[in-house]
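Trainee: got a structure for you, letters missing:
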């Protein structure tokens with residue numbers, strides 16, 4: 001499997017993984033094909049995922065700038081088409097309590113406001129007619145052990161006191177009686193504004209909106225290098241050269257090794273693994289008290305997450321392998337199935353029908369950054385969603401469009417500070433291995 005820490009580009013025109021989403025999404029939307037002739041453009045966007053498609057759409061619809069998007073493989077071939085489809089009011093991994101201590105109330109509220117805008121922006125775009133199979137509203141954050149109930153209670157109090165964000169604190173019995181009989185649940189917070197979608201079909205909708213607004217999208221066109229030539233950024237592809245006034249790197253966890261010095265050693269791509277089971281029978285659903293298709297995530301450091309899909313399959317996800325070379329080892333999918341059965345013993349005979357993995361993008365300081373990769377501000381990027389980017393990536397694309405158009409962005413760290421470099425960057429995977437082992441101990445004992 002393509003590994004961003006080792007490979008120079010993710011392929012050219014490669015098909016989608018054999019995922020449940022790809023089996024359900026239908027044919028990919030029409031695009032502008034492989035770029036075969038050299039061109040000039042005001043803005044070039046590298047990556048046709050949520051961030052890049054949002055930037056292209058907002059550049060055209062709000063600023064009158066027609067962008068060119070290039071994608072190595074297919075639209076949303078990376079994480080945008082492989083994720084669990086959780087539409088949440090969040091991004092990154094930094095808790096609001098930590099933001100408050102580090103930056104103060106005003107900045108913390110500014111970040112919260114951006115996350116709110118991201119969720120509303122996604123809902124607004126879906127409302128234009130995107131068929132992405134949205135499910136019932138609701139997100140359950142489940143305590144995976146009794147001691148985490150206190151943590152959820154403190155989170156609820158902060159959200160309500162600082163933002164007026166009303167969340168519902170549920171006991172174990174509440175969850176079992178009203179939502180799902182997860183044996184590893186000891187209570188939960190219910191957020192009323194999260195929901196599940198088919199993430200690949202959502203990306204197809206963004207793709208169509210961007211092209212309707214005037215953007216050109218060239219699939220099968222990887223960026224091989226970026227260099228500066230006077231006022232131009234020169235991007236080489238296998239069959240053409242692109243001269244652009246500004247370049248937007250919308251590659252996140254799929255950013256190839258050595259693509260641009262300004263983002264080198266500033267992210268850690270981490271594999272997330274997902275399985276989708278066979279359809280559950282009516283009896284299996286009843287035995288598990290599965291009364292909801294709201295999205296669920298637990299409180300572990302090494303989180304598990306799941307949802308019931310429209311055809312009564314269960315999507316279940318968690319961490320995957322450490323390197324791309326190990327990504328297809330069946331151990332990781334089988335481990336997820338075993339954990340699912342610990343939560344639902346009635347599913348002891350259940351098998352999975354689909355399994356796949358994809359790269360999420362971790363930042364050193366646990367927040368995404370929308371910033372510039374060069375001194376002149378002609379190469380922009382948005383990276384570091386930390387596995388929670390479905391909503392905020394669209395907001396990030398909106399803000400990237402503003403910045404490319406010459407507008408100022410809000411004065412919050414997400415937009416005013418670069419991604420910090422990882423110390424001892426060549427050893428990032430060693431640190432990841434150590435964190436995984438620490439997380440296993442923490443999740444069980446602390």
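Mentor: Yes, it's here. Not measured: the values here are computed from a predicted model. Residues are numbered from 1 along each chain as shown.
Trainee: quick one: pLDDT of residue 444?
Mentor: pLDDT for residue 444: 80.
Trainee: distance check, it against residue 437.
Mentor: Relative to residue 437, residue 444 is positioned 11 Å away (C-beta to C-beta, to the nearest Å). No exception for glycine: its C-beta is placed from N, CA and C like everyone else's.
Trainee: which residues in the stretch 301-446 of the chain form helices?
Mentor: 330-343, 392-404, 413-416, 428-445 (DSSP state H, counting those that start in this stretch).
Trainee: let me know the average pLDDT across the third one.
Mentor: Right, helix 413-416. Here the average pLDDT along helix 413-416 is 98.
Trainee: list the buried ones in stretch 421-428?
Mentor: Going by neighbour count (16 or more other C-beta atoms under 10 Å), the buried part of stretch 421-428 is 422, 428.
Trainee: likewise stretch 403-420?
Mentor: For stretch 403-420, by 16+ other C-beta under 10 Å, it's 403, 404, 405, 412, 413, 414, 415, 419.
Trainee: ok, residues contacting that stretch?
Mentor: Here stretch 403-420 makes contact (C-beta atoms under 8 Å, 6 or more residues apart in numbering) with 43, 55, 59, 63, 65, 103, 107, 110-111, 114, 246, 248, 263, 266-267, 363-365, 367-372, 377, 380-381, 383-384, 399, 402.
Trainee: end to end on that stretch, go ahead and measure it.
Mentor: 20 Å (C-alpha to C-alpha, to the nearest Å).
Trainee: among the helices of the stretch 301-446 of the chain, which comes closest to residue 78?
Mentor: Of all the helices of the stretch 301-446 of the chain, it is helix 392-404 that lies closest to residue 78, at 11.2 Å by C-beta to C-beta.
Trainee: let me see the mean pLDDT of that closest one.
Mentor: Average pLDDT, helix 392-404: 98.
Trainee: now swap in stretch 238-252 and tell me
Mentor: On average, stretch 238-252 scores 98.
Trainee: so where's the longest helix in this protein?
Mentor: Ordering each helix of the chain by length in residues (DSSP state H) puts helix 105-126 first.
Trainee: show me what secondary structure element comes after it.
Mentor: strand 139-142 (DSSP states H and E).
Trainee: which residues sit against that following strand?
Mentor: Against strand 139-142 from outside (C-beta under 8 Å, 6+ apart): 86, 88, 152, 170, 175, 179-180, 182, 184-191, 193-195, 292, 294-299.
Trainee: any chance you could map the strands in the stretch 101-250 of the chain?
Mentor: Counting by DSSP state E, counting those that start in this stretch, one finds strands in the stretch 101-250 of the chain at the ranges 139-142, 168-170, 188-191, 195-196, 216-218, 225-229, 232-236, 241-249.
Trainee: picking that back up, the longest helix of the chain: which residues count as buried?
Mentor: 107-112, 114-119, 121-122, 125-126.
Trainee: okay, the angle between it and helix 392-404?
Mentor: With axes from the mean of the first three to the mean of the last three C-alpha atoms, to 10 degrees applied, the angle from helix 105-126 to helix 392-404 works out at 100 degrees.
Trainee: check for me that residue 23 belongs to a helix.
Mentor: Yes: membership of residue 23 in a helix is supported by DSSP: H, G, I helix; E, B strand; the rest coil.
Trainee: ok, it - contacts?
Mentor: residue 354.
Trainee: what's the answer for residue 182, then?
Mentor: Counting by C-beta under 8 Å, 6+ apart, residue 182 has contacts 142, 175, 176, 296, 343, 344.
Trainee: from residue 423, how far off is the residue most central in space within the chain?
Mentor: With distances taken as C-alpha atoms, centre = their mean, residue 389 lies nearest the centre of the chain, 3.5 Å away. According to C-beta to C-beta, residue 389 and residue 423 sit 24 Å apart.
Trainee: please apply the same query to residue 73.
Mentor: 32 Å.
Trainee: mind checking which helix or strand the closest residue in space to residue 6 that isn't next to it in sequence is in?
Mentor: Closest residue in space to residue 6, ignoring its immediate chain neighbours: residue 257 at 6.2 Å, by C-beta to C-beta, 6 or more residues apart in numbering. For residue 257, there is no enclosing helix or strand under DSSP H and E.
Trainee: my read is that residue 257 contacts residue 7, right?
Mentor: Yes: the criterion here is C-beta atoms under 8 Å, and residue 257 meets it with residue 7 at 6.2 Å.
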